[in-house]
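> For reference, the sequence and a predicted model appear below.
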Amino acid sequence: MSVLLLAVALILAAGASAVLLRGTPRLADRLYIVLMLAGAVTGLSQAVVVLRGGPDISAGLPGTLPGGAWDFGLDPLSAWFLLPVLGVGACAGVFGIGYLGSERGHRSVAANHALFALLLVGLTGVVTAQAVVPFLASWEVMALCAYLLVMFEHEQAEVRRAGLIYIVLTHLSTLALIGMFAALSANATGRSFTELGLANQSPGTARTVALGLALVGFGIKAGAVPLHFWLPGAHAAAPSHVSAVLSGVMLKVGIYGLVRVLFLVGGAPAWFGWTLFGLGLLSGVLGVLWALAQHELKRLLAYHSVENIGIILLGLGVGVLGVAYGEPGVALLGFTGALLHTLNHALFKGLLFLGAGAVLRATGTRMIDQLGGLGRELPWTAVAFGVGSVAIVGLPPLNGFVSEWTVFQGLLAAGASRESLRYAVVGAAGLGLIGALALACFTKLDGTLFLGRLRSATARPHPVRDPGPIMLGPMLTLAGLCVGIGLLPVVVLRPARQIAVGLVTGLDGRDLAEAAWIADAARVTVLGVGLLAVIAGLLLLRRRLPASGAARLAPTWGCAAAASTSRMQYTASSYAAPLLAAFGPLAGVHVSRTADSFHSSAADPVQDGVVLPAWRMLGLTSVLLRGMQGGRLRWYLLSVIFTLVVLLFYLTNAGRTP
Amino acid sequence: MILGPLLTLCLVLAVAPALPGLATRTRAFLTGRRGAPVLQLYRDLAKLFQKNVVYSRTTTPVFRIAPVVVIATVVVAATLLPLDGHAALLSFRGDLVAFTGLLGLGRFALVLAGLDTGSSFEGMGASREVTVSAFAEPALFLCLTVLVLATGELSLAGMLGEPLAAVWPGAAPSLVLAAAALFMLALAETSRVPVDDPATHLELTMIHEVIVLDHSGPELAMILLGNAVKLGLFGALVVGVLVPLGRLPAWLAPVVLVAGLGVVAVGVGIVESCMARLRMNRVPQFLVAASALAVFGVILLLR
């Protein structure tokens, strides 16, 4: 039996233990944590072996199953995506034990843990499947488990609504994928990925259709604008540790799918690259702008996932364009950047959602404007959240910088080429805008949550403090990984680049030489360590100044205005207002004000501006058809005859033309 | 090899505090006043470093670490620039992203320190700072894109030295446009007129000054010094684009650089003496204009 199957079995056992031992919660919790971690470590060890250049691993399910052989396996691409699935998944799973501890008794906590384990298994299946049927089967397991997990607090109407939108969209995505696989297997001899790849090496209608459907199917799953609108609701509604996996890992399955299809068809045409590039730019800028407008912690983080998916798509787009225009060096940078950002985003977005969960558990609210000054009460949460914030903004010396740096290089190198590829250089300015807006958004979040003073009018009923080690441990682990990758990027740069090499055709010796990349990564290490050293040195020097001993404490300087209250502080809304005003209607902010009140709320321009009105119009126009259902037999007969006549005309004409 | 860039870096760090003084002095001279001495900031810094500090009771360690981060990021960012046009202390492909990222980290820290006090004035300043930077950042990337397109190099040290001098004849219009845009960005990034007025005394109209209302003593000194060095870095970028420093002998380049920084500072003073501060909602338009200049530069090169 393969070690990979053992890992899956351990995770399933963890889920089963939560249900079977629910009578003895302490034992069940411990067993769940042990089994979950054991499963994750087992699976991750396999992924690391493959990524370090070991042979591919394959693991078929025994017995006869419908739809051909159910082959699973690990090639470097699968192994790369298995890292966030099991790494972030296990961290979130352990966090979930602490997070849902207080819910025990009035909600089905054991079922939630079991479904969570099943979700991880589904995700593992998706990224390791080597044939169509096991891929789609795992895809459905993943989608349905995610639906059930989103519906955890189903007594709230808002949650049910988010769940409904999610399940409709995820099935649209499955539908598109079935169509995509049908198109890909039109000329194939079997349904394994290898056979699909062999059948689709040359351009043709089937390949074009398949690429278009892949954009729709995987685009919905990844949450690219304009197919993102299911995402903020669902991710905000789920319990926080589930949100961490949905936002950090499940969106990446869409990216995995796109990359896998690129592998199968061996390079895509330029229109596909420009579409990815455009979608990336659109998702990046609009995602962060809409995040800035949010007042609710988890919705804000969910919109940031849209932004980061945009950055990944930008990288993928540059990669595809580089291949299409014969610039392998550019393509290598684009693909590597996209793969790196996939992993990095999983780490820091997982971390941020877990941090949001800790804040939510401590304070009971997700509304940012009611919080403030939590840094003193939740110091460790604040530190972990701060690390995640700096990472997601893409600032050195953390991991977000490493991947954005690589994508930037791809964009700038594209500009230096002589093909029409050079117009992709506008993406650099776009990525700069995205970074600056993300900085605005996360200073707003950190400043309002953890700094200043409590903003809500009513004081908290009880003091709040950091969560216990079960919740803090996963957060600090992820924060440590963000710092580690930021300071030592070569560890992830090499495997990501190696996978990208497989996607790029026409590499010559200069592009293949790894030495320059490793040297650059080493200099990023020097930069990061140097920066930290300078900061530490200056802090030590600061202590030695004569004035250091006698600091005086005083109230905040009110500029001659006496008795300022905590309600007079800047809130998240007022902080973001000038920026949002500058972007006008694009930001989707609705302001209602009277003489003595002011309220601003954020709407999703796609969902509330396009999709729901269109849905309502559909409902209204279908009223017009109601007359046909009058119960009169002659109308039914007439419509049947009418249809038959039309069909007859069609068939006779269709028969004549050739 | 490393000694030359290191000495130039020290030189720039040493003369940086004179730049705001020079700008202010120019402004005073042109408006018929005498003004503070050029070296006033050195005296201010020396005094502030010896002073005691007062911390707000609302603040957390973020408030104390932020000024150190501000100055550290600016200094480390300076190591990425080939100040004398020959070499940088640290250089790699795409290091311009690290340059902007480091400045971004400094801003992140400063803005959080402002929010840490819980003062509505400082929140206001923080909000304005990130608003201005959101428009400045794309413009800065467009300027750097002009340099990348002109030279085909991906590192600051690669593009600002000899390669830029070599492509000057062909790419002159774009490079002049980029230098103009960089000068406008220097005004915005270091809080000068027309984006912000360092001489204002009304909190409601301030951007940068109002974030640091609660900072005192050495912390305030570090922020002021960081801002002066930032002006020096942007000035060095402008000089690096306009003057082929890499073609000058190694001993002359730093001298020309310092002279160029002086000219930039005088230019800042001239702008300040003949322009009023823009209304807050006009500031984005100013920065979009800078972006537009750089976009023209990009278009001329993509043609």
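Arrived safely, thanks for sending. Residues are numbered from 1 along each chain as shown, chains lettered A, B, ... in the order given.
> What's the local residue count around the residue in the stretch 201-350 of chain A that chain B sits nearest to?
Closest to chain B within the stretch 201-350 of chain A is A:Leu333: 8.8 Å, counting by C-beta to the nearest C-beta. For the C-beta atoms, the positions are set from N, CA and C on the backbone; glycine is no exception. Using other C-beta atoms under 10 Å in any protein chain shown, A:Leu333 has 33 other residues around it.
> Likewise for B:Arg282?
11.
> that older thread, my read: the residue of the stretch 201-350 of chain A closest to chain B touches A:Ala413, true?
Yes. Using C-beta atoms under 8 Å, A:Leu333 makes contact with A:Ala413 at a distance of 5.8 Å.
> in chain A, which spans are strands?
Taking DSSP state E as the criterion, chain A contains strands spanning A:57-60, A:71-74, A:552-554, A:589-593, A:598-602.
> How about chain B?
Under DSSP E, chain B gives strands at B:54-56.
> can you count the residues close to the residue of the stretch 1-150 of chain B found nearest chain A?
Residue nearest to chain A within the stretch 1-150 of chain B: B:Gly123 (2.5 Å; C-beta to the nearest C-beta). Using other C-beta under 10 Å, B:Gly123 is surrounded by 27 other residues.
> Quick check, pLDDT for it.
Listed pLDDT for B:Gly123 reads 92.
> if I pick it, what's in contact with it?
A:447, A:452, A:569-570, A:574-575, B:114-115 (C-beta atoms under 8 Å, 6 or more residues apart in numbering or on different chains).
> Please apply the same query to B:Leu48.
B:216-218, B:220-221, B:224.
> so what's the residue nearest to A:Leu454 when sequence neighbours are not counted up against?
Closest residue to A:Leu454 apart from its sequence neighbours, by C-beta to C-beta, 6 or more residues apart in numbering or on different chains: A:Gly372 at 4.7 Å. The contact partners of A:Gly372, taken as C-beta under 8 Å, 6+ apart, are A:448-449, A:451-456, A:566, A:569, B:118.
> quick revisit: which stretch among the strands of chain A comes nearest B:Ala188?
Proximity to B:Ala188 (C-beta to C-beta) singles out strand A:589-593 among the strands of chain A, at 24.8 Å.
> The closest one vs chain B: in contact?
No. Strand A:589-593 lies out of reach of chain B by C-beta under 8 Å from any C-beta of the partner chain, never closer than 14.6 Å.
> So what angle separates the directions of that strand and strand A:598-602?
Angle, strand A:589-593 to strand A:598-602, by axes from the mean of the first three to the mean of the last three C-alpha atoms, to 10 degrees: 160 degrees.
> picking that back up, in PyMOL, how would I select the buried members of the contacts of A:Gly372?
Selection command for PyMOL covering only the buried members of those, criterion 16 or more other C-beta atoms under 10 Å in any protein chain shown:
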select buried, (chain A and resi 448+449+451+452+453+454+455+566+569) or (chain B and resi 118)
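> How many residues are close by residue 267?
No chain in the question, so chain A it is. Neighbour tally, A:Gly267, other C-beta under 10 Å: 19.
> my bad, the chain I had in mind was chain B
Neighbours around B:Gly267, by other C-beta under 10 Å: 17.
> so what's it up against?
Going by C-beta under 8 Å, 6+ apart, the list of residues near B:Gly267 reads B:Phe183.
> For the stretch 451-600 of chain A, which residue gets nearest to chain B?
For the stretch 451-600 of chain A, C-beta to the nearest C-beta, closest residue to chain B: A:Tyr570, 2.5 Å.
> Phi first, then psi, for that residue.
Main-chain torsions, A:Tyr570, degrees, to the nearest 10: phi -70, psi 140.
> Tell me the pLDDT of it.
89.
> Double-check it against B:Val130; I have them as touching.
No. Applying C-beta under 8 Å, one finds A:Tyr570 not in contact with B:Val130, separated by 11.7 Å.
> which sections of the stretch 551-658 of chain A are below the confidence cut-off?
The stretch 551-658 of chain A contains residues with pLDDT under 70 at A:562-563, A:655-658.
> switch to 90 and redo it
For the stretch 551-658 of chain A, the stretches flagged by pLDDT under 90 are A:551-571, A:573-574, A:577-578, A:581-605, A:608-609, A:622-636, A:639, A:650-658.
> Residues of it that sit close to chain B?
Checking the stretch 551-658 of chain A against chain B by C-beta under 8 Å from any C-beta, the hits are A:551-559, A:564, A:566, A:568-570, A:574-579, A:581-582.
> just the buried members of those?
Counted by 16+ other C-beta under 10 Å, these give A:556-557, A:564, A:566, A:568-570, A:574-579, A:582 as buried.
> Make CSV out of those and add distance to B:Gly104.
Formatted as CSV, those follow (distance: C-beta to C-beta, whole Å):
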residue, distance to B:Gly104
A:Thr556, 26
A:Trp557, 27
A:Ser564, 30
A:Ser566, 29
A:Met568, 29
A:Gln569, 24
A:Tyr570, 21
A:Ser574, 22
A:Tyr575, 17
A:Ala576, 18
A:Ala577, 22
A:Pro578, 19
A:Leu579, 15
A:Ala582, 19
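> Around residue 11, count how many other residues there are.
All of this refers to chain A. Using other C-beta under 10 Å: A:Ile11 sits among 29 other residues.
> wait, chain B
17.
> Give me the below-cutoff pLDDT ranges for the stretch 1-150 of chain B.
Short version for the stretch 1-150 of chain B, where the test is pLDDT under 90: B:1-5, B:35, B:50-52, B:84-87, B:119-120.
> The same query, at a cut-off of 80, please.
B:1-2 (pLDDT under 80).
> that older thread, how near is the residue of the stretch 451-600 of chain A closest to chain B to B:Ser91?
Remark: distance between A:Tyr570 and B:Ser91 (C-beta to C-beta, to the nearest Å) = 40 Å.
> If anything else comes up later, I'll come back, but that's it for now.
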